[in-house]
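Student: Model the structure of this input:
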Amino acid sequence: MIIILEGMSTVGKTMVQKSLDDILSKENIDHKTIDQNEGLPPETFEHLNPKKSLEFLHKYLKENCQNPSTVYIFDRLHLSHFAITNGSDEYMSEIEEELLKYDPLLVLLTVDEARVKERLISAIKYRGDRWVKELEKRETTGRTATDFHIGTQRKHVKQYEESKLPKIVFDVTNSDFQTVAEQIFEKYIKTV
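Tutor: Got it, this is the predicted structure:
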């Protein structure tokens, strides 16, 4: 089984992943967490090439997700790949056909748009100067970092709605990541 956690930066994907890791460890369920640097490596996006992204995803799944009794938990995967590279519907369909072979669950985490700025600012406490620089990079002429992240979230929601994978969306505006992980476990993993 593959659990794919998607959503804009600071939405809480890593927190949900850690909570799921704890639950699966306590339940003695074989699992592997894949952070965004492994499943979404920077070199994949050097030229913002969706074809290279698709090739990477195919190869990664075949080389790293072959054990059907293991639960693989990705912090970002195909929606992020195609949001960043502006991949086509054709590429999205192709990778989703591949993902369907792995018993996937697409989990989209969202935040109320009115609270996005607050979420971005609060992340400075634990991400530090690196995050401040990242926010500055995302500001463009006439567009704030908040606008950028709201736009990213809207793109993810659109992709989520068009996805053919089994899926669920959680509003994590109030940051109840443990409850989200428990619900994923009870409804989608425990019953498998």
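
Student: tell me what the longest helix seen in the chain is packed against?
Tutor: Secondary structure of the chain per DSSP state H: the longest helix is helix 145-162. For helix 145-162, the elements it packs on are helix 78-85, helix 89-99, strand 104-110, helix 116-122, helix 124-138, strand 167-171, judged by 3 or more CB pairs under 8 Å, 6 or more residues apart in numbering; DSSP states H and E. The C-beta positions use only the backbone N, C-alpha and C, and glycine is treated the same way.

Student: again, only this time at 10 Å
Tutor: Counting contacts by 3 or more CB pairs under 10 Å, 6 or more residues apart in numbering; DSSP states H and E, helix 145-162 packs against strand 2-6, helix 78-85, helix 89-99, strand 104-110, helix 116-122, helix 124-138, strand 167-171.

Student: List the buried residues of it.
Tutor: Using 16 or more other CB atoms under 10 Å as the test for burial, helix 145-162 gives Ala145, Thr146, Phe148, His149, Ile150, Thr152, Gln153, Lys155, His156, Val157, Gln159, Tyr160.

Student: Packed most tightly, which of the helices and strands packed on helix 145-162 would that be?
Tutor: strand 2-6 (a mean of 26; mean count of other CB atoms under 10 Å).

Student: want to throw the buried residues of helix 145-162 into JSON lines with pLDDT and distance to Pro104?
Tutor: Listed next are the buried residues of helix 145-162 as JSON lines, based on pLDDT from 0 to 100; distance: CB to CB, whole Å:
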{"residue": "Ala145", "pLDDT": "84", "distance to Pro104": "31"}
{"residue": "Thr146", "pLDDT": "87", "distance to Pro104": "31"}
{"residue": "Phe148", "pLDDT": "86", "distance to Pro104": "28"}
{"residue": "His149", "pLDDT": "87", "distance to Pro104": "25"}
{"residue": "Ile150", "pLDDT": "91", "distance to Pro104": "27"}
{"residue": "Thr152", "pLDDT": "87", "distance to Pro104": "22"}
{"residue": "Gln153", "pLDDT": "92", "distance to Pro104": "21"}
{"residue": "Lys155", "pLDDT": "89", "distance to Pro104": "20"}
{"residue": "His156", "pLDDT": "89", "distance to Pro104": "16"}
{"residue": "Val157", "pLDDT": "94", "distance to Pro104": "18"}
{"residue": "Gln159", "pLDDT": "89", "distance to Pro104": "14"}
{"residue": "Tyr160", "pLDDT": "93", "distance to Pro104": "13"}
